[in-house]
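Chemist: Quick check, what structure comes out for this input:
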Amino acid sequence: MQIELVMDILFGVSGGLLSLVGLIAIFVTLNTQYNIEKAREVLWKLRESYQFFDPAEAERKHGEINWLLKQYVKFIKLDRPIKISIKIGIRTIVIVGVSWYVFLLLSASEFTNNILLGFIWIVVTLAILLLFQFAYLLNKLKDISAFVNIPSRMNMSDGTHRLEKDSFDESLAIAELALIDSKFMIQIHKGAFIKLFIYSIRNVKYVKAHYSFSYENRESKELTSYYVHHEKLIQEDWLEHDIYITEDESLLYAVHESKENLKDIILEHKTNIFIQLDITLKDDSSFTTFYTKEITQEDIDGTIVYIYPASKPLEETRIQNLLEDK
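Modeler: From the prediction side, this is the model:
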């Protein structure tokens, strides 16, 4: 009689708790489904922005990709209430499963038919395994990107990560997205100063920045700088140029030319500035982006000039493939 009373209470409480788990699962699923749809929409917009990149629109659309990348990170990050709900659901399943197991273990001596006891053990064990599998799925929902196989938060700051893994020739690296949304800032007066503004990406091995200043009535000036994390990456042919060693995680944040380096550079009307930015990632893939700007009188009258990409980033392997095709 006492066993039956405990059994009624146990299964009654278990039923209520599992109903709560079901409601939690519905709540979590509805919210994550919305985030997944928005994240996929952002991925589509990122590819569209790259595919239809127009240098003439680079200034007007500057910051769009940066904003999309940040929005994507927000969409794949679960809100705190959802994370708490998932934890409650998982703990509830564990409590129910352990309760069933302990109850059956304590009440096993009450069974006189061993075949019936064995059958109940099998059923309860299978039920507990199913519950734990459901708990595993709930736990997977903590990371939306892993659950539906879309880029994670870390992927979107990794320059080597590609949005499409199955087709390498058509894949798009995060570094390429960052580069078409980048710009150089040049201070005109009180000594020139150049700095690169770009979305923060990791896993950049080294960077080469080549600057060319062309004039109408004077000799052109050129300047080349290299940026690395470690001295061991410095190559012999770099030694005749400026080399910067930085601890910044995003190596591209260090790309700049100080007033001291540019003290012989004069920015005047019709000065043509050409910049070639080469980045090599830690997977040894390389991208080249060109920037060009002709200084106008309006620029001279102002204080700061921005230079935007003149083309999509060119990947070394793609350039080689084009040359081979020709």
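Chemist: Report how many residues lie close to the closest residue in space to Asp79 that isn't next to it in sequence.
Modeler: What sits nearest to Asp79 in space, not counting adjacent residues and going by Cβ to Cβ, 6 or more residues apart in numbering, is Asn31, at 7.5 Å. In this view, the C-beta of every residue, glycine as well, is placed from N, C-alpha and C. Other residues within reach of Asn31, judged by other Cβ atoms under 10 Å, total 17.
Chemist: Please verify my assumption that Asn31 contacts Ile86.
Modeler: No. Asn31 is not in contact with Ile86 according to Cβ atoms under 8 Å; the separation is 10.5 Å.
Chemist: So which helix or strand of this structure has the lowest pLDDT on average?
Modeler: In the chain, the helix or strand scored least confidently by mean pLDDT, DSSP states H and E is helix 316-325, which has a mean of 52.
Chemist: Spit out the residues that contact Asn31 and Ile86 alike.
Modeler: Between them, Asn31 and Ile86 share these contacting residues under Cβ atoms under 8 Å, 6 or more residues apart in numbering: Leu78.
Chemist: Contact partners for Asp158?
Modeler: Neighbour list for Asp158: Ile174, Ile201, Arg202, Asn203 [criterion: Cβ under 8 Å, 6+ apart].
Chemist: try Glu231
Modeler: When contacts are counted by Cβ under 8 Å, 6+ apart, Glu231 touches Ile245.
Chemist: ok, the spatially most central residue of the chain to Leu179 distance?
Modeler: Taking Cα atoms, centre = their mean, the centroid of the chain lies closest to Met156, which sits 0.7 Å from it. Here the distance between Met156 and Leu179 works out to 15 Å (Cβ to Cβ, to the nearest Å).
Chemist: Asn217 too?
Modeler: When distance is defined by Cβ to Cβ, Asn217 is 34 Å away from Leu179.
Chemist: Those two: which is more packed in?
Modeler: Leu179 (25 against 6).
Chemist: what comes up buried for the host helix or strand of Trp67?
Modeler: Secondary-structure element containing Trp67, defined by DSSP states H and E: helix 64-75. Buried residues in helix 64-75, counted by 16 or more other Cβ atoms under 10 Å: Ile65, Asn66, Leu68, Leu69, Tyr72, Val73, Phe75.
Chemist: Wait, the fourth one touches Ser200, no?
Modeler: Which is Leu69. No. Using Cβ under 8 Å, Leu69 is not in contact with Ser200; the gap is 9.5 Å.
Chemist: Now do Tyr136, the pLDDT please.
Modeler: For Tyr136, the pLDDT comes out at 87.
Chemist: What about it? Give its phi and psi, please.
Modeler: In terms of degrees, to the nearest 10, the main-chain angles of Tyr136 are phi -60, psi -40.
Chemist: and if you look at Glu240?
Modeler: With angles defined as degrees, to the nearest 10, Glu240 sits at phi -80, psi 0.
Chemist: burial of it, as a residue count?
Modeler: One way to gauge burial is a neighbour count; for Glu240, by other Cβ under 10 Å, it gives 8.
Chemist: For Glu294, see how far away Phe53 is.
Modeler: 21 Å.
Chemist: I meant to write Leu69 there.
Modeler: Counting by Cβ to Cβ, the gap between Leu69 and Glu294 amounts to 31 Å.
Chemist: what does Tyr215 give?
Modeler: Here the distance between Tyr215 and Glu294 works out to 11 Å (Cβ to Cβ).
Chemist: residue ranges of the helices in this protein, please?
Modeler: With DSSP state H applied, the chain shows helices at 2-51, 58-61, 64-75, 80-107, 114-140, 144-148, 174-180, 297-301, 316-325, listed in chain order.
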